[in-house]
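A.B. asks: With the input below, show me the fold.
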Amino acid sequence: MALIESIHFQNFKVLRDATLPLSRCTVLIGANGSGKSTVFQGLKGYRDPDIFANSQRRCLTIGISRQDIAKIELHFSPGESKTRVSWVKWRGGIDPETSSPYEPLVFKVYSLIAQEIAAPVPLAPHMQLNETGGQLAGVLDRIRDEQPEKFEQLNDELGRWFPEFDRILFSTPDQGQRAFLLRTRRGKHAIPATDLSQGTLLALVILTLAYVPEQPSLVCIEEPDRGIHPRLLVDIRDALYRLSHPESVGEDRPPVQVITTTHSPYFLDLFRDHPEDIVIAQKTEEGARFERLSDRPDIDEILGSAPLGEVWFSGILGGVPVDQP
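C.D. replies: Down below sits the predicted model:
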(Lines give C-alpha, C1' and ligand atoms only; values in the text may rest on other atoms or scores of the structure.)
Protein backbone atom coordinates (compact mmCIF):
# COMPACT_ATOMS: atom_id res chain seq x y z
CA MET A 1 0.00 0.00 0.00
CA ALA A 2 1.28 3.47 -0.91
CA LEU A 3 1.99 5.72 2.07
CA ILE A 4 1.84 9.50 2.02
CA GLU A 5 5.38 10.84 1.90
CA SER A 6 4.47 14.50 2.40
CA ILE A 7 1.61 17.00 2.23
CA HIS A 8 2.13 20.40 0.62
CA PHE A 9 -0.13 23.32 1.54
CA GLN A 10 -0.35 26.50 -0.53
CA ASN A 11 -2.32 29.57 0.59
CA PHE A 12 -4.33 27.43 3.01
CA LYS A 13 -5.04 29.50 6.12
CA VAL A 14 -1.82 29.82 8.18
CA LEU A 15 -0.05 27.37 5.83
CA ARG A 16 0.92 29.78 3.07
CA ASP A 17 3.68 27.58 1.62
CA ALA A 18 4.45 24.61 3.86
CA THR A 19 5.36 20.97 3.36
CA LEU A 20 4.63 18.46 6.10
CA PRO A 21 6.93 15.40 5.92
CA LEU A 22 5.33 12.18 7.11
CA SER A 23 6.50 8.82 8.40
CA ARG A 24 4.29 5.88 9.27
CA CYS A 25 3.59 7.52 12.64
CA THR A 26 4.08 11.30 12.78
CA VAL A 27 3.94 13.29 16.02
CA LEU A 28 3.24 16.96 15.31
CA ILE A 29 4.24 19.47 18.00
CA GLY A 30 4.14 23.25 18.11
CA ALA A 31 2.60 26.31 19.70
CA ASN A 32 -1.07 27.17 19.43
CA GLY A 33 -1.77 28.69 16.03
CA SER A 34 1.26 27.08 14.39
CA GLY A 35 -0.78 25.01 11.92
CA LYS A 36 -1.29 21.66 13.64
CA SER A 37 -5.09 21.73 13.60
CA THR A 38 -4.98 23.38 10.18
CA VAL A 39 -3.33 20.24 8.83
CA PHE A 40 -6.32 18.20 9.97
CA GLN A 41 -8.75 20.78 8.55
CA GLY A 42 -6.92 20.60 5.25
CA LEU A 43 -7.12 16.81 5.16
CA LYS A 44 -10.86 17.01 5.79
CA GLY A 45 -11.06 19.46 2.89
CA TYR A 46 -9.04 17.11 0.72
CA ARG A 47 -11.47 14.30 1.52
CA ASP A 48 -14.55 16.49 1.06
CA PRO A 49 -13.62 19.57 -1.03
CA ASP A 50 -17.11 21.05 -0.75
CA ILE A 51 -16.77 21.80 2.97
CA PHE A 52 -14.93 25.03 2.08
CA ALA A 53 -17.08 25.85 -0.94
CA ASN A 54 -18.83 28.92 0.49
CA SER A 55 -17.85 32.43 1.49
CA GLN A 56 -18.47 31.83 5.20
CA ARG A 57 -15.79 29.14 5.46
CA ARG A 58 -12.92 30.65 3.53
CA CYS A 59 -9.76 28.60 3.37
CA LEU A 60 -7.49 31.23 1.81
CA THR A 61 -4.59 32.69 3.78
CA ILE A 62 -5.52 36.08 5.26
CA GLY A 63 -4.25 39.01 3.22
CA ILE A 64 -4.00 37.39 -0.20
CA SER A 65 -6.24 38.04 -3.17
CA ARG A 66 -9.47 36.09 -3.46
CA GLN A 67 -8.32 35.28 -6.98
CA ASP A 68 -5.43 33.26 -5.62
CA ILE A 69 -5.67 29.49 -5.30
CA ALA A 70 -5.57 27.49 -2.08
CA LYS A 71 -4.13 24.07 -2.80
CA ILE A 72 -3.31 20.86 -0.95
CA GLU A 73 -1.12 18.20 -2.56
CA LEU A 74 -0.56 14.68 -1.26
CA HIS A 75 2.72 13.15 -2.41
CA PHE A 76 2.74 9.37 -2.20
CA SER A 77 5.63 6.93 -2.01
CA PRO A 78 4.43 3.77 -3.77
CA GLY A 79 7.57 1.69 -3.53
CA GLU A 80 9.26 1.00 -6.83
CA SER A 81 7.11 3.16 -9.09
CA LYS A 82 7.39 6.92 -9.60
CA THR A 83 6.00 9.12 -6.83
CA ARG A 84 2.43 10.12 -7.57
CA VAL A 85 0.64 13.28 -6.57
CA SER A 86 -3.02 14.06 -6.10
CA TRP A 87 -4.44 17.43 -5.14
CA VAL A 88 -7.46 19.50 -4.32
CA LYS A 89 -7.64 23.26 -4.79
CA TRP A 90 -10.10 26.07 -4.19
CA ARG A 91 -10.37 29.34 -6.06
CA GLY A 92 -11.19 32.03 -3.53
CA GLY A 93 -12.59 29.41 -1.21
CA ILE A 94 -15.19 28.21 -3.73
CA ASP A 95 -15.41 25.97 -6.80
CA PRO A 96 -13.10 23.15 -5.64
CA GLU A 97 -11.17 21.16 -8.23
CA THR A 98 -9.60 17.77 -7.65
CA SER A 99 -7.08 15.61 -9.41
CA SER A 100 -6.73 12.01 -8.26
CA PRO A 101 -6.83 9.19 -10.83
CA TYR A 102 -6.05 6.73 -8.05
CA GLU A 103 -8.11 4.80 -5.55
CA PRO A 104 -9.63 7.29 -3.05
CA LEU A 105 -7.77 7.70 0.22
CA VAL A 106 -9.82 6.40 3.17
CA PHE A 107 -9.00 8.17 6.42
CA LYS A 108 -10.43 9.39 9.71
CA VAL A 109 -9.67 12.60 11.62
CA TYR A 110 -10.51 11.93 15.28
CA SER A 111 -11.35 14.61 17.82
CA LEU A 112 -12.72 12.53 20.69
CA ILE A 113 -15.66 13.56 22.87
CA ALA A 114 -16.25 11.49 26.00
CA GLN A 115 -20.03 11.93 26.11
CA GLU A 116 -20.41 10.59 22.57
CA ILE A 117 -18.08 7.68 23.25
CA ALA A 118 -20.23 6.60 26.21
CA ALA A 119 -23.62 7.04 24.51
CA PRO A 120 -25.77 3.98 23.62
CA VAL A 121 -26.15 3.43 19.89
CA PRO A 122 -28.85 2.02 17.62
CA LEU A 123 -27.64 -1.28 16.20
CA ALA A 124 -26.84 -1.38 12.48
CA PRO A 125 -24.73 -3.60 10.21
CA HIS A 126 -21.01 -2.88 9.75
CA MET A 127 -20.74 -0.20 12.43
CA GLN A 128 -17.66 2.00 12.43
CA LEU A 129 -16.33 4.56 14.88
CA ASN A 130 -17.26 8.08 13.95
CA GLU A 131 -14.71 10.87 14.30
CA THR A 132 -15.78 11.83 17.82
CA GLY A 133 -15.39 8.24 19.03
CA GLY A 134 -19.15 7.75 18.93
CA GLN A 135 -20.70 4.36 18.13
CA LEU A 136 -18.03 2.64 20.22
CA ALA A 137 -20.61 0.28 21.78
CA GLY A 138 -21.69 -0.90 18.34
CA VAL A 139 -18.10 -1.32 17.15
CA LEU A 140 -17.14 -3.36 20.22
CA ASP A 141 -20.26 -5.49 19.71
CA ARG A 142 -19.26 -6.04 16.08
CA ILE A 143 -15.73 -7.10 17.03
CA ARG A 144 -17.17 -9.58 19.55
CA ASP A 145 -19.48 -11.11 16.91
CA GLU A 146 -17.17 -11.08 13.88
CA GLN A 147 -13.71 -11.48 15.41
CA PRO A 148 -14.06 -13.19 18.80
CA GLU A 149 -10.33 -13.91 19.05
CA LYS A 150 -9.55 -10.20 18.62
CA PHE A 151 -12.23 -9.36 21.15
CA GLU A 152 -10.49 -11.57 23.70
CA GLN A 153 -7.17 -9.89 22.91
CA LEU A 154 -8.87 -6.54 23.40
CA ASN A 155 -10.15 -7.64 26.81
CA ASP A 156 -6.66 -8.81 27.78
CA GLU A 157 -5.24 -5.41 26.81
CA LEU A 158 -8.05 -3.67 28.69
CA GLY A 159 -7.01 -5.50 31.85
CA ARG A 160 -3.39 -4.50 31.35
CA TRP A 161 -4.20 -0.82 30.71
CA PHE A 162 -6.80 -0.67 33.49
CA PRO A 163 -6.05 -3.34 36.13
CA GLU A 164 -9.26 -2.48 37.99
CA PHE A 165 -11.32 -3.88 35.07
CA ASP A 166 -11.28 -7.35 33.52
CA ARG A 167 -13.91 -7.36 30.76
CA ILE A 168 -16.15 -5.44 28.38
CA LEU A 169 -19.84 -6.24 28.83
CA PHE A 170 -22.93 -5.16 26.88
CA SER A 171 -26.47 -4.16 27.72
CA THR A 172 -29.63 -3.32 25.78
CA PRO A 173 -30.96 -0.09 27.35
CA ASP A 174 -33.78 0.12 24.82
CA GLN A 175 -35.11 -1.89 21.91
CA GLY A 176 -32.56 -1.99 19.11
CA GLN A 177 -29.87 -0.23 21.17
CA ARG A 178 -26.53 -1.36 22.51
CA ALA A 179 -24.46 0.08 25.35
CA PHE A 180 -21.22 -1.14 26.89
CA LEU A 181 -20.02 -1.53 30.45
CA LEU A 182 -16.70 -2.40 32.08
CA ARG A 183 -16.63 -5.13 34.74
CA THR A 184 -14.50 -4.60 37.81
CA ARG A 185 -11.92 -7.26 38.57
CA ARG A 186 -12.79 -7.19 42.25
CA GLY A 187 -16.43 -7.80 43.00
CA LYS A 188 -17.40 -8.23 39.29
CA HIS A 189 -19.48 -5.05 39.26
CA ALA A 190 -20.63 -3.78 35.85
CA ILE A 191 -19.90 -0.05 35.47
CA PRO A 192 -21.94 1.66 32.70
CA ALA A 193 -19.94 3.61 30.13
CA THR A 194 -21.76 6.78 31.18
CA ASP A 195 -20.21 6.42 34.66
CA LEU A 196 -16.64 5.94 33.46
CA SER A 197 -14.06 8.74 33.64
CA GLN A 198 -13.25 10.83 30.59
CA GLY A 199 -9.69 9.50 30.50
CA THR A 200 -10.88 5.89 30.56
CA LEU A 201 -13.27 6.52 27.66
CA LEU A 202 -10.69 8.33 25.53
CA ALA A 203 -8.07 5.63 26.14
CA LEU A 204 -10.56 2.87 25.33
CA VAL A 205 -11.20 4.36 21.89
CA ILE A 206 -7.47 4.51 21.13
CA LEU A 207 -7.05 0.94 22.37
CA THR A 208 -9.95 -0.18 20.14
CA LEU A 209 -8.59 1.50 17.00
CA ALA A 210 -6.09 -1.31 16.40
CA TYR A 211 -8.87 -3.90 16.48
CA VAL A 212 -11.59 -2.32 14.33
CA PRO A 213 -12.54 -4.12 11.10
CA GLU A 214 -11.79 -2.43 7.77
CA GLN A 215 -8.89 -0.22 8.77
CA PRO A 216 -8.54 3.17 7.02
CA SER A 217 -5.37 4.18 5.20
CA LEU A 218 -4.73 7.16 7.46
CA VAL A 219 -5.75 8.02 11.02
CA CYS A 220 -5.36 11.53 12.48
CA ILE A 221 -5.82 11.99 16.23
CA GLU A 222 -5.85 15.30 18.06
CA GLU A 223 -3.98 15.02 21.36
CA PRO A 224 -4.43 11.30 22.16
CA ASP A 225 -2.77 11.99 25.54
CA ARG A 226 -5.56 14.38 26.59
CA GLY A 227 -7.04 13.38 29.93
CA ILE A 228 -4.79 10.31 30.16
CA HIS A 229 -2.92 9.39 33.33
CA PRO A 230 0.88 9.60 32.79
CA ARG A 231 1.32 5.86 33.44
CA LEU A 232 -0.83 5.13 30.37
CA LEU A 233 1.10 7.33 27.95
CA VAL A 234 3.48 4.54 26.93
CA ASP A 235 0.46 2.34 26.15
CA ILE A 236 -1.05 5.12 24.01
CA ARG A 237 2.23 5.37 22.11
CA ASP A 238 2.39 1.61 21.65
CA ALA A 239 -1.20 1.56 20.36
CA LEU A 240 -0.28 4.14 17.71
CA TYR A 241 2.78 2.12 16.71
CA ARG A 242 0.67 -1.03 16.59
CA LEU A 243 -1.56 0.69 14.03
CA SER A 244 1.34 1.98 11.95
CA HIS A 245 3.75 -0.97 12.34
CA PRO A 246 1.54 -4.10 12.43
CA GLU A 247 4.48 -6.36 11.61
CA SER A 248 6.03 -5.43 14.98
CA VAL A 249 3.22 -7.32 16.75
CA GLY A 250 2.96 -10.16 14.23
CA GLU A 251 -0.10 -8.83 12.38
CA ASP A 252 -0.44 -9.49 8.67
CA ARG A 253 -2.22 -6.38 7.41
CA PRO A 254 -1.30 -3.13 5.68
CA PRO A 255 -0.02 -0.39 8.00
CA VAL A 256 -2.32 2.44 9.02
CA GLN A 257 -0.50 5.75 8.67
CA VAL A 258 -0.92 7.90 11.79
CA ILE A 259 -0.65 11.66 12.34
CA THR A 260 -1.09 12.84 15.90
CA THR A 261 -0.65 16.11 17.76
CA THR A 262 0.44 16.69 21.34
CA HIS A 263 1.24 19.47 23.79
CA SER A 264 2.63 17.07 26.39
CA PRO A 265 6.41 16.99 26.96
CA TYR A 266 5.95 13.66 28.75
CA PHE A 267 4.27 12.07 25.74
CA LEU A 268 6.82 13.58 23.35
CA ASP A 269 9.71 12.15 25.37
CA LEU A 270 8.46 8.63 24.60
CA PHE A 271 9.43 9.20 20.94
CA ARG A 272 13.02 10.35 21.55
CA ASP A 273 14.37 7.12 19.96
CA HIS A 274 12.44 7.93 16.77
CA PRO A 275 13.27 11.56 15.87
CA GLU A 276 12.23 10.82 12.28
CA ASP A 277 8.65 10.57 13.58
CA ILE A 278 8.63 14.03 15.22
CA VAL A 279 7.74 17.16 13.25
CA ILE A 280 7.93 20.66 14.75
CA ALA A 281 5.45 23.31 13.58
CA GLN A 282 6.87 26.84 13.71
CA LYS A 283 5.08 30.17 13.35
CA THR A 284 6.92 32.71 11.18
CA GLU A 285 6.06 36.06 9.62
CA GLU A 286 5.64 34.29 6.27
CA GLY A 287 3.32 31.63 7.70
CA ALA A 288 3.77 28.32 9.46
CA ARG A 289 6.40 25.82 8.43
CA PHE A 290 7.32 22.27 9.41
CA GLU A 291 10.66 20.69 10.30
CA ARG A 292 11.37 17.03 10.97
CA LEU A 293 13.43 16.66 14.14
CA SER A 294 15.82 14.14 12.56
CA ASP A 295 16.71 16.73 9.86
CA ARG A 296 18.10 19.23 12.35
CA PRO A 297 21.89 19.63 12.22
CA ASP A 298 22.05 19.72 16.03
CA ILE A 299 20.09 16.47 16.49
CA ASP A 300 22.98 14.63 18.20
CA GLU A 301 23.41 17.43 20.71
CA ILE A 302 19.65 17.51 21.36
CA LEU A 303 19.29 13.78 21.93
CA GLY A 304 22.44 13.63 24.03
CA SER A 305 21.27 16.15 26.63
CA ALA A 306 18.14 16.34 28.76
CA PRO A 307 14.91 14.38 28.14
CA LEU A 308 13.41 15.38 24.79
CA GLY A 309 10.22 16.71 26.33
CA GLU A 310 12.22 18.93 28.65
CA VAL A 311 14.34 20.23 25.75
CA TRP A 312 11.19 21.12 23.81
CA PHE A 313 9.58 22.74 26.84
CA SER A 314 12.68 24.92 27.27
CA GLY A 315 12.21 26.38 23.77
CA ILE A 316 15.46 25.07 22.29
CA LEU A 317 13.60 23.17 19.57
CA GLY A 318 11.20 26.01 18.81
CA GLY A 319 7.54 25.26 18.36
CA VAL A 320 6.60 27.00 21.63
CA PRO A 321 4.77 30.28 22.32
CA VAL A 322 7.00 33.35 22.07
CA ASP A 323 6.54 36.93 23.21
CA GLN A 324 5.61 39.35 20.45
CA PRO A 325 7.69 42.56 20.14
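A.B. asks: So for the longest helix belonging to the chain, mean pLDDT?
C.D. replies: Longest helix in the chain, counting residues (DSSP state H): helix 148-161. For helix 148-161, mean pLDDT is 96.
A.B. asks: For the helix or strand following it, give me every contacting residue.
C.D. replies: Using DSSP states H and E, the helix or strand that follows helix 148-161 in sequence is strand 165-171. Strand 165-171 is touched from outside by 137, 140-141, 144, 151, 154-155, 158-159, 178-185, 190-192, with contacts defined as Cβ atoms under 8 Å, 6 or more residues apart in numbering. For glycine as for every other residue, the C-beta is placed from the backbone atoms N, C-alpha and C.
A.B. asks: ok, residue 265 to residue 299 distance?
C.D. replies: In this view, residue 265 and residue 299 are 18 Å apart by Cβ to Cβ, to the nearest Å.
A.B. asks: And for residue 238?
C.D. replies: Taking Cβ to Cβ, one finds residue 238 at 24 Å from residue 299.
A.B. asks: Where does pLDDT dip in the stretch 1-150 of the chain?
C.D. replies: Counting by pLDDT under 70, the ranges of the stretch 1-150 of the chain that qualify are 1, 54-57, 78-84, 91-94, 100-103.
A.B. asks: Now with 80, please.
C.D. replies: Low-confidence segments of the stretch 1-150 of the chain, defined by pLDDT under 80, are located at 1-2, 52-58, 64-68, 78-85, 90-96, 100-105.
A.B. asks: Assign a three-state SS to the nearest residue to residue 32 once chain neighbours are set aside, would you?
C.D. replies: Nearest residue to residue 32 in three dimensions, chain neighbours excluded: residue 321, at 6.9 Å (Cβ to Cβ, 6 or more residues apart in numbering). Put simply, residue 321 is coil when judged by DSSP: H, G, I helix; E, B strand; the rest coil.
A.B. asks: Now for residue 321, how many residues are close by?
C.D. replies: Burial of residue 321 is recorded as 12 neighbouring residues (other Cβ atoms under 10 Å).
A.B. asks: What pLDDT does the model give it?
C.D. replies: Confidence score, pLDDT, at residue 321: 72.
A.B. asks: With residue 239 instead?
C.D. replies: 96.
A.B. asks: Where does the record place the domain boundaries for the protein?
C.D. replies: With domains defined by automatic domain parsing, the chain comprises 3-105+263-314, 112-215.
A.B. asks: To residue 250, which of those lies closest?
C.D. replies: Nearest of the domains of the chain to residue 250, taken as Cβ to Cβ: domain 112-215 at 11.4 Å.
A.B. asks: Can you get me the start-to-end distance on the closest one?
C.D. replies: Distance between the two ends of domain 112-215: 18 Å, counting by Cα to Cα, to the nearest Å.
A.B. asks: what distance separates that domain from the centre of its chain?
C.D. replies: A distance of 19 Å separates the centroid of the chain from that of domain 112-215, by Cα atoms, centre = their mean, to the nearest Å.
A.B. asks: switch to numbering from 31
C.D. replies: Fine by me, first position is 31 from now on; the one you just mentioned is domain 142-245.
A.B. asks: What ranges does the stretch 131-280 of the chain have for its helices?
C.D. replies: 144-148, 166-176, 178-191, 228-239, 263-274 (DSSP state H, counting those that start in this stretch).
A.B. asks: got a markdown table for the ones you listed, with distance to residue 341 too?
C.D. replies: Shown next, in a markdown table, are these (distance: least, Cβ to Cβ, whole Å):
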| stretch | distance to residue 341 |
| --- | --- |
| helix 144-148 | 32 |
| helix 166-176 | 36 |
| helix 178-191 | 29 |
| helix 228-239 | 26 |
| helix 263-274 | 17 |
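A.B. asks: before we move on, the earlier item: among the contacts of strand 195-201, which ones are buried?
C.D. replies: Those of these that meet the buried threshold are 167, 170-171, 174, 181, 184-185, 188, 208-213, by 16 or more other Cβ atoms under 10 Å.
A.B. asks: about what we covered before: which one, of the helices of the stretch 131-280 of the chain, ends up nearest to residue 281?
C.D. replies: Among these, helix 263-274 comes nearest to residue 281, with 7.8 Å by Cβ to Cβ.
A.B. asks: Just want the angle from the closest one to helix 228-239.
C.D. replies: Relative orientation of helix 263-274 versus helix 228-239 (axes from the mean of the first three to the mean of the last three Cα atoms, to 10 degrees): 30 degrees.
A.B. asks: Which helix or strand lies directly C-terminal to helix 263-274?
C.D. replies: strand 287-291.
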